[in-house]
Each structure stands twice: as structure tokens, then as C-alpha cells.
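Participant: give the three-dimensional model of this entry:
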Amino acid sequence: MTLLLPAIAAQQRMQRVLADMPGPPPLPLLGNIPELFSRQDAFWSKILRLMAGYGPTFCFWLGPTPFVVVTDPRDLEHVCGNARFNDKSPWYTLARAALGTGLITLNGEQWRRHRRAIAPSLHQHVLVQNVEVFRRKTAGLLHMLTRASRSGETVDILEFCNLASIDAVCETLLSAAADATALAKFVRQTTDAALGVTRRVCRPWLLWDRLYALTREGRDSARTQRDTDAFIDGVIEGRGEKTSRGSCWVKRRSFLEHALEGLEDLMSPEEWREEAKAMVVAGQGTVAHCLSFALLLLAMHPDQQHRVHQELDDVFGADPDREVTEHELPHLQLLERVILETLRLFPLVPVFGRACPEDTELPSGRTVPRGANIFMFSFHTHRDPAWFPDPLRFDPDRFLPEQVRTRPALSFAAFSAGPRGCIGQRYAMMYLKTALGTVLRRYQLHRAPGDTRSVADLPVEIGVILSLDGGFPVRVSERCDFVSAPSSSPPRNLH
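Facilitator: Here you go, the predicted model:
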């Protein structure tokens, strides 16, 4: 009992600070665990119901720890832009099973040291060297789409995008290329690891590491971590997965080579391994899902797809075999807006958390106590009609400069913001524009037969990475509607 007294006292203190905060009343020590985990439906669906009942800023408790959910862009900017809030929520340690111990999950001096080592390798002059790899690796995606087009069958486009993106990410980040079997296995394992993290969060009795290690799921998670670590170790050391042609090592300057150049003393080999794993897993998962969401949304909105085809034909001409280079990417302004609107509707990291280091009054007027977790729910912010009228309508022109200027800065927070913002944002945008541009110059995407769903009907799965329950079904056909002059003609201004 003596051991419980400090926890009870801390909970009582935070309850006093949170007395005016909407939310379900917590039980001593248990918090809202019985309410949130008493039925089988998804944890996040219950959080959404709490938001509907208590408003966009509210508090729930997991055990003696409060989680303050915020969606107001002013609050997001206050937290993300303040160095005192640099530390991620302690719950991010659970994500290490999927993401490794890297920039995403580290805090304090170790995080600062890692970022100092890695940031130069992701500068624009380094990233543009990757466009050739992105283009080359998208050829595999084109091959899969050609088969789908000829068969006329409905396909889950995420399966294709997963394989294409992991191949590109491995080569650009690690200078490694594995065979298709090894890549597919790695994608399956990292997907399973991410699902395991989500299931663990939703089962509070599994949060105790020692108990979790005794369960079948815990043992499976440990085995998956060993396998993914071995894969990363292999490609870093230049061995990788062997193909029929010999070693998988590709002689080019990658993220890892740039980062290691003169900076070996900043991080140990073990830290580089963990960081490489984090970059590969997070990079592959996010770009594959964003690519899949974008293609599905364009299939659902043929008018917007036609506009993208127009822009691509205007920039590249009617030759679908003309190669994409870094020089054309800045001209694909509509395509960039399509990506941003995709991320508005489906932010791939829909929740990001910070530890509250001191009692803090948010701009919206609510006070958060020291020791609480702040959960910034960008998924809700992005769909708030106050910032995005008719929020479930897919409209890339929301991101025209004159529209962006009318909104608060963090009404759109798909990449987080501030010092802990996504360090790979430019890398992701460069890959997505290259891959989408290459695909859409050759193909049209269509809904699956009988699929009449709107954006509101798509069954979202909120986890480590946002996804869809039931996949991303589309049909593919080759284009025959090239609309512009030959590629030698100067681009006309469509924007």
C-alpha cells in the first residue's frame, strides 16, 4: 500500500489541475481503462466517441496517467514550436518494437546527437541524387500495373506500392538492393510489428514488458525484431540478401554513406543500425500508404485525375517513356497539391504525442499538468470545417497559396512541426511526386466494380501508420487520352 501512495497523490494533483477539463471521470489508479477496454471494438473508435461527447479538447486516463487530446491549431503550434516540449510521450517506447530506437522514439541529448548526425544527409542537394533511383525502382511498380491492366482484375494497390517503395528506400537510404522475396518478407514483418504495437496499446495488461514477453504475441514480436535487425545488419555491412547475381551491395552514395562521412564519432555502430532500421521502416511504410491513398482517391475522383493527367502531359508531353528528372518535379504543382490533400484527409501519423514538462496553459485556455501526455490528434484537425469547409470533399486546390494563407499554420500538420517534425518530409515528397508522376503518365485508375464509397465511407484503421480496413481496391487501365502538345512545347500555366 505504501508503494501506491505516491501514485495516488500524483493522480490527485493532476486531477485538481484538470478539474475543468472535459472528459470521463477516472477511477483511482485504473483511470478510464475499464471504460475504454471493456468491449471489443477498436480503442480509437472509442476515443472518437469521447471527442464527439466532450469536444475537441478533452482528457482521458490510462491508469494514473492523463492523456490530454488537443486539436486546436493554436495548441498544436504552441506545443510543437516550444523546445520545452521536445520530448515525445513515454508511450513512444512501445513503438521501438516496430521502428527501432531512432529519431522517432528518442528523447533528450541522445535525440539531439542523432539529429545533428543525420540532418546533413537529407539536404536538398543530396536528395536530388535519389530521383534516378526512385524512377528506376518505379519500373517494378509499372510492371505490376501492366499485368493488372491486362487482366482487368481488381487489385489492392498497397501490395504493389509496398514492394516498390521498400526497394527504393533500401537503395537510397542504405545503398542496398535485396531480391523480391527478401523485401516482401521484410514488409510483412514490419507490418506485423506495427500491428503488434497497436494491439499492445489497446490491451493495457500487456504494457508490462515482463508479462508481454511471456505471451505468444510477445515472443512473436521478439522474433520479428531479431529478423528485421538481421536484415538491416546485413545490408549495412554490405552483405544483405544474396541474389543470383551475387552481393546486393550497390555502389552509390546513400543516406547512410553521407551520414557516416566524418560523423562516425557521433553515433556508435549499434546506434547507426537502429537509426537505419527506423528510417527504412518509417520511410517505407509512410510513402507506400500515401501513394496508395493518393491512387485510390484519384480513382474515386476521375475529374481530379484528369487534371493531373493534363498537368503531366503539359510538363512531359505525350511521350509516356520520357524519364522524370529532378528538373521537372518543381513544375508538378497540382500533383503536389494532390499529395497534400491526400495527407490532409489521411494523415499517415494521425496522432503525435509529447510529454508535458510543467503545468502549461494552452492558447485555447485549458491547463495541462506536469506529467501528463499531450496527444495532438491531427486527424481531427484536418477534418475541422472551421479550417476546411466541406472537409470530406477531396479538393487539392485547398493548397493553393492563397488558400493556405487564410488558415492557421498547423491546421495542416501531416508532418508534425518544429524541432520534432518529420526530418524526411522532402525525401517523401520527392519520392511521391516521382512515383505518382511516372504511374499516372501511363495509367488510369478506376474504382473497383460496385464500389460507390465516398471518403466518409472509407474504413480507417488508426495505428502506428494510418491504413484502411479491407485494403485499397482499384482497377488499372493504360491511358489513351494524352492531351497536350509534344514535350518540346513549353509548359503552359495551369495554376
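Participant: confidence score at Ile47?
Facilitator: On pLDDT, Ile47 comes in at 86.
Participant: what's the answer for Met21, then?
Facilitator: 94.
Participant: what of Pro204?
Facilitator: Looking at Pro204, the pLDDT reads 72.
Participant: residues in contact with the nearest residue to it once chain neighbours are set aside?
Facilitator: Of all residues not flanking Pro204 in the chain, Ile33 sits nearest, at 5.3 Å (CB to CB, 6 or more residues apart in numbering). The way it works is simple: take the backbone N, C-alpha and C, and place the C-beta from them, glycine included. Contact analysis of Ile33 by CB atoms under 8 Å, 6 or more residues apart in numbering lists 27, 61-63, 204.
Participant: most neighbours, which of those residues?
Facilitator: Trp61 (25 neighbours; other CB atoms under 10 Å).
Participant: ok, of the contacts of Ile33, which one's closest to Gly418?
Facilitator: Nearest to Gly418 out of the contacts of Ile33 is Leu62 (CB to CB; 25.3 Å).
Participant: ok so, going back, among the contacts of Ile33, name the ones in strands.
Facilitator: Within the contacts of Ile33, residues falling in strands by DSSP state E are 61-62.
Participant: now the contacts of Ile33 in TSV, please, with extra columns for distance to Trp44.
Facilitator: Formatted as TSV, the contacts of Ile33 follow (distance: CB to CB, whole Å):
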residue	distance to Trp44
Leu27	21
Trp61	16
Leu62	13
Gly63	18
Pro204	15
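Participant: let me know the next secondary structure element after the helix or strand of the chain with the lowest mean pLDDT.
Facilitator: The least trusted helix or strand in the chain, going by mean pLDDT, DSSP states H and E, turns out to be helix 255-260, with a mean of 66. Using DSSP states H and E, the helix or strand that follows helix 255-260 towards the C-terminus is helix 269-300.
Participant: and the average pLDDT for that next one is what?
Facilitator: For helix 269-300, mean pLDDT is 90.
Participant: what residues of that helix count as buried?
Facilitator: 271-300 (16 or more other CB atoms under 10 Å).
Participant: that helix: what's the following helix or strand?
Facilitator: On the C-terminal side of helix 269-300, the nearest following helix or strand under DSSP H and E is helix 302-316.
Participant: tell me the angle of that following helix relative to helix 269-300?
Facilitator: Here the directions of helix 302-316 and helix 269-300 differ by 110 degrees (axes from the mean of the first three to the mean of the last three CA atoms, to 10 degrees).
Participant: what's the spacing between Asp314 and His331?
Facilitator: Distance of Asp314 to His331, computed by CB to CB, to the nearest Å: 8 Å.
Participant: again with Leu296
Facilitator: 25 Å.
Participant: now do Asn32
Facilitator: 51 Å.
Participant: likewise Trp111?
Facilitator: Separation of Trp111 from His331 (CB to CB): 37 Å.
Participant: what's around the spatially closest residue to Met279 that is not a sequence neighbour, how many residues?
Facilitator: In space, and not counting its chain neighbours, Met279 is closest to Leu173: 5.4 Å by CB to CB, 6+ apart. Residues lying near Leu173 (other CB under 10 Å) number 25.
Participant: what's the average pLDDT for the strand or helix carrying Leu173?
Facilitator: Per DSSP H and E, Leu173 falls inside helix 157-174. Averaged across helix 157-174, pLDDT comes to 88.
Participant: also stretch 415-426?
Facilitator: 90.
Participant: send me that stretch as PDB with only the CA atoms.
Facilitator: Extracted in PDB, the C-alpha atoms of stretch 415-426 (Å, rounded to 0.1, in the frame of the first residue of the first chain):
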ATOM      1  CA  PHE A 415       4.500  16.200 -41.000                       C
ATOM      2  CA  SER A 416       4.200  17.400 -37.400                       C
ATOM      3  CA  ALA A 417       6.200  20.600 -36.900                       C
ATOM      4  CA  GLY A 418       9.000  22.200 -35.000                       C
ATOM      5  CA  PRO A 419      12.200  20.500 -33.900                       C
ATOM      6  CA  ARG A 420      10.500  17.100 -33.700                       C
ATOM      7  CA  GLY A 421       8.900  17.500 -37.100                       C
ATOM      8  CA  CYS A 422       9.400  14.800 -39.800                       C
ATOM      9  CA  ILE A 423      13.000  15.000 -40.900                       C
ATOM     10  CA  GLY A 424      12.200  13.000 -44.100                       C
ATOM     11  CA  GLN A 425       9.500  15.300 -45.400                       C
ATOM     12  CA  ARG A 426      11.400  16.400 -48.500                       C
END
